[in-house]
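Peer 1: Build me a model from this:
(one chain, ligands or ions: 1)
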Amino acid sequence: MYGFEYVAPETLDDALGLVREHGDDAKILAGGQSLIPILHYRLARPRVVIDINSLPLGDVTADDGRLRIGALVRYHELEESDTIARRCPVLAEAARLIGNVRVRTLGTVGGSLAHADPAAELPAVMTALDARLVVASASGRRTLAAREFFTGPLTTALTPGEIVTGVEIAAVPAYGWAVEELSRRAGDFAIVAVVALVRLDRLGRVDDARLAFGGVADRPVHARAAQVARDALDPPSDAFVSGAYRRHVAGVLCRRALTRAVARALA
Ligand SMILES: Cc1cc2nc3c(=O)[nH]c(=O)nc-3n(C[C@H](O)[C@H](O)[C@H](O)COP(=O)(O)OP(=O)(O)OC[C@H]3O[C@@H](n4cnc5c(N)ncnc54)[C@H](O)[C@@H]3O)c2cc1C
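Peer 2: Sure, this is the predicted structure:
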């Protein structure tokens, strides 16, 4: 019979000490929306589960033109936070598309980023936003650009002993934004998700466009021009849809996202 030890440290230092001590034998528990099914199906058999929910990583703050989001901020808080609505509303729009109410109540920003599902919304949004992930270990702290953090399917640049403690995002106040996605049923992971951020110049011409795609590769894909992006994509086929269909959908969603983002930038 399989069992594991459960620990719930109350300080980051204690958590980092435990992660260092147990290494690959340990799993961090945040919202549990991916880890619990993984344990249920015995896809992982950690000897120790380190519950980080008591750590003080649940704040959203804004200063110096930077937005800081703690790893334990839940998706529903992204939807409801006034600070997010004012400083980075694309995050609220993305959070509303994730899973169902239970998933949005429990799932965390840090958990979504660390889990690194290629079809997940937040990794794509953080890629479009040029966000920096803040990572701590017993020997210090470092930050990584979202674009270097995601390295493959369910794979990141995290090294053993590291915990994601939060995300830092430079202000994007003048950008219009939109998130578009297609999924088989409401609440399912996206087949394709597109995030668009657009800034216009004084004449209303596009001055900067940032695009990121989810569901089209083994990690979020970043691009600056819609046609180039569509042509450059080589999405995989799976049990549900072909790669060619995914590519077509990516082009359609990209146009829709850019149209809505430009309308918002003009408003
Ligand atoms: C029915 C259902 C539908 C879903 N639909 C979607 C969807 O549409 N879009 C979407 O994006 N997701 C979806 N999800 C997944 C959901 O977003 C998960 O919440 C997310 O993948 C993991 O976040 P979590 O906080 O629950 O992390 P957990 O499940 O607790 O952990 C996930 C993994 O990340 C590690 N981890 C967690 N936090 C940290 C941290 N701070 N530092 C380092 N490692 C950490 C854990 O050890 C584990 O390996 C769905 C899940 C379910 C059950």
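
Peer 1: Now the closest residue to the ligand within the chain. Nearest residue, chain neighbours left out?
Peer 2: Closest residue of the chain to the ligand, C-beta to the nearest ligand atom: residue 111 (2.2 Å). All C-beta atoms are positioned from the backbone trio N, CA, C, and that covers glycine. Distances taken as C-beta to C-beta, 6 or more residues apart in numbering place residue 30 nearest to residue 111, at 3.8 Å, with adjacent residues excluded.

Peer 1: contacting residues around that neighbour?
Peer 2: 52, 53, 71, 72, 108, 110, 111, 114 (C-beta atoms under 8 Å, 6 or more residues apart in numbering).

Peer 1: What is the nearest of these to residue 138?
Peer 2: Taking C-beta to C-beta as the measure, residue 52 is the one of these closest to residue 138, at 14.6 Å.

Peer 1: correct me, but that closest one touches residue 26?
Peer 2: No: Residue 52 is beyond contact range of residue 26, at 11.1 Å (criterion: C-beta atoms under 8 Å).

Peer 1: Which of those two has more residues huddled nearby?
Peer 2: Counted by other C-beta atoms under 10 Å, residue 52 and residue 26 do not tie: residue 52 has more neighbours, with 25 against 21.

Peer 1: if I look at the more buried one, how far off is residue 108?
Peer 2: Separation of residue 52 from residue 108 (C-beta to C-beta, to the nearest Å): 9 Å.

Peer 1: Mind listing the shared neighbours of the two?
Peer 2: 30, 71, 72.

Peer 1: now these in TSV, with secondary structure and distance to residue 207?
Peer 2: Shown next, in TSV, are the shared contacts of residue 52 and residue 108 (DSSP: H, G, I helix; E, B strand; the rest coil; distance: C-beta to C-beta, whole Å):
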residue	secondary structure	distance to residue 207
30	coil	38
71	coil	33
72	coil	36
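
Peer 1: Within reach of the ligand, which of the residues you listed are there?
Peer 2: 30, 71 (C-beta under 6 Å from any ligand atom).

Peer 1: Dump the longest helix belonging to the chain to PDB, restricted to CA.
Peer 2: Longest among the helix segments of the chain by residue count, using DSSP state H, is helix 243-266. Extracted C-alpha coordinates of helix 243-266, given in PDB (Å, rounded to 0.1, in the frame of the first residue of the first chain):
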ATOM      1  CA  GLY A 243      -2.100  19.800 -36.300                       C
ATOM      2  CA  ALA A 244      -3.500  21.400 -39.500                       C
ATOM      3  CA  TYR A 245      -6.900  22.200 -37.800                       C
ATOM      4  CA  ARG A 246      -5.000  23.600 -34.800                       C
ATOM      5  CA  ARG A 247      -3.000  25.900 -37.100                       C
ATOM      6  CA  HIS A 248      -6.200  27.100 -38.800                       C
ATOM      7  CA  VAL A 249      -7.900  27.800 -35.500                       C
ATOM      8  CA  ALA A 250      -4.800  29.700 -34.300                       C
ATOM      9  CA  GLY A 251      -5.000  32.000 -37.300                       C
ATOM     10  CA  VAL A 252      -8.800  32.700 -36.700                       C
ATOM     11  CA  LEU A 253      -8.400  33.300 -33.000                       C
ATOM     12  CA  CYS A 254      -5.400  35.500 -33.600                       C
ATOM     13  CA  ARG A 255      -7.400  37.800 -35.900                       C
ATOM     14  CA  ARG A 256     -10.300  37.900 -33.300                       C
ATOM     15  CA  ALA A 257      -7.900  38.600 -30.400                       C
ATOM     16  CA  LEU A 258      -6.100  41.400 -32.300                       C
ATOM     17  CA  THR A 259      -9.400  43.000 -33.400                       C
ATOM     18  CA  ARG A 260     -10.700  43.100 -29.800                       C
ATOM     19  CA  ALA A 261      -7.300  44.300 -28.500                       C
ATOM     20  CA  VAL A 262      -7.200  47.100 -31.000                       C
ATOM     21  CA  ALA A 263     -10.800  48.200 -30.100                       C
ATOM     22  CA  ARG A 264      -9.800  48.300 -26.500                       C
ATOM     23  CA  ALA A 265      -6.600  50.300 -27.200                       C
ATOM     24  CA  LEU A 266      -8.800  52.800 -29.100                       C
END
